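S.K.: what shape does this take:
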Amino acid sequence: MAGRAFRTRGQATATAAVGAMLTHGVPHAVLLAGPRGVGKTTLALDLAAALLCRADPIERPCRACRACRAVDHGNHPDLHRLAPVGAGQVIPIGGRDERGVRDLVAELALLPVEGGARVAIVEAAHRMTEDAQSAFLKTLEEPPRGATLILCADDEERLLPTIRSRTARIRLGPVPRSDVEAIVLERGLGDAAEAARFARLASGRPGLALAYAAAPEAAVIRGEIARAILDLRSSSRTARLAGLRDLSGRAWELVRALDAGTARLAVADGLEAGPAAGAPSVGAASKRRAAGRRSAPSAPDAEVAEEASDDATPATSVRIPAAERRAGALALVGVWRDVLRDLAALVGGEPRLVRDTSLLDDLEASIGRCDEASIGRALERLDVAGEQLEGNVSPELVLDVLALRVAA
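M.R.: Residues are numbered from 1 along each chain as shown. The predicted structure follows:
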């Protein structure tokens, strides 16, 4: 990798794979897969810069030539980017009022402005609708001459098998905490203690750490949600049912705060604000660990939730859009998982593994009411809840079932 000025940090295997491609030939389509916020878009831009760079091939990307600077500033005429849009954060097939796959395909059909390569980056490619994926597949089968397509996906299983089979896959994993801290410090977004805290909260996702650092209010909201989750464990059924719905709204505020942090970073970089660096992850929800898992609650759970609804506090009269309710519920499940993992670390005698050290006193006060087995069962139910929320199950129903079934 000597001579190549990559901005990607903590992904030695992935950057080595990209370096080998640049040396031996880059395939027409590359899939960068990994959890949200680990650096997929950064690596995609590294590859794009290398393909458009004007320096000696062994030094690409040099990050000094005009083409590299244009990529870094988001205004290279032969770099085309597509990202989710709208409240639902999906990539549509495209039309008169929204940019989608058809628009990207039309742009790639044109001749390159600078006479060299053309690069398309599809961020959060797993958010393409089924129609959009079908339209994109034709371009993958017959790619325009000189064009390289780079797809970034948090959950590659949501891409059509025919799309995955036509791409060269590179997997990115969590980034070492020391690298995440260094990234936050290099951006001047906090001192060493703050960088360490955000790195812990981000669990190996630099994009999320930067979003927290750029929006300190997000960490405050997250702490409130985590403490409320711990309090609800000893609450009555009625309190849990009402409390989780309220927390879901608070979790949506966390998502918005993180989005605002990402937008501030984009403005500082001179770029348009794209999708958020990453709300708290649902983790195993996107991995589909058990092939037989259902996409909806089982009949008994659904019945219990329906019966218990009479005891719950009536919902507010203000109707929140479905996309926001789902995003809030997903963020809530993500924080909940993190809290249980921290509890498991304490129960297992490993306090150094606790992510949010500001919650240590609250966590220690709760460990007497749980054990590793109960925490494990609760995490499994959260995995199922995350999968259901990623599908089309009612967020309220999912949360009601969790309130009744998760004991830890």
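
S.K.: what stretches of the stretch 201-350 of the chain score poorly on pLDDT?
M.R.: Within the stretch 201-350 of the chain, the ranges that satisfy pLDDT under 70 run 270-319.

S.K.: for the stretch 51-200 of the chain, same thing?
M.R.: 87, 96.

S.K.: strands of that one, residue ranges please.
M.R.: Assigned by DSSP state E, counting those that start in this stretch, the stretch 51-200 of the chain shows strands spanning 79-82, 118-122, 147-153, 168-171.

S.K.: distance to residue 345 and mean neighbour count added to the ones you listed, as CSV?
M.R.: Every C-beta, even on glycine, is put in place using the N, C-alpha and C of the backbone. As requested, the strands of the stretch 51-200 of the chain are exported to CSV (distance: least, Cβ to Cβ, whole Å; neighbours: other Cβ atoms under 10 Å):
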stretch, distance to residue 345, mean neighbour count
strand 79-82, 39, 21
strand 118-122, 37, 25
strand 147-153, 30, 24
strand 168-171, 26, 16
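
S.K.: now the ones you listed in JSON lines, with distance to residue 139?
M.R.: Below are these laid out as JSON lines (distance: least, Cβ to Cβ, whole Å):
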{"stretch": "strand 79-82", "distance to residue 139": "12"}
{"stretch": "strand 118-122", "distance to residue 139": "9"}
{"stretch": "strand 147-153", "distance to residue 139": "7"}
{"stretch": "strand 168-171", "distance to residue 139": "16"}
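
S.K.: nearest to residue 405, of these?
M.R.: Proximity to residue 405 (Cβ to Cβ) singles out strand 147-153 among the strands of the stretch 51-200 of the chain, at 30.8 Å.

S.K.: relative to strand 118-122, how tilted is the closest one?
M.R.: 20 degrees (axes from the mean of the first three to the mean of the last three Cα atoms, to 10 degrees).

S.K.: got the CA positions of strand 147-153 in PDB?
M.R.: In PDB, the C-alpha atoms belonging to strand 147-153 read as follows (Å, rounded to 0.1, in the frame of the first residue of the first chain):
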ATOM      1  CA  ALA A 147     -17.400   2.700 -15.700                       C
ATOM      2  CA  THR A 148     -16.900   1.200 -12.200                       C
ATOM      3  CA  LEU A 149     -19.900   0.600 -10.000                       C
ATOM      4  CA  ILE A 150     -19.300   0.600  -6.200                       C
ATOM      5  CA  LEU A 151     -22.100  -0.500  -3.900                       C
ATOM      6  CA  CYS A 152     -22.000   0.100  -0.100                       C
ATOM      7  CA  ALA A 153     -24.400  -2.100   1.800                       C
END
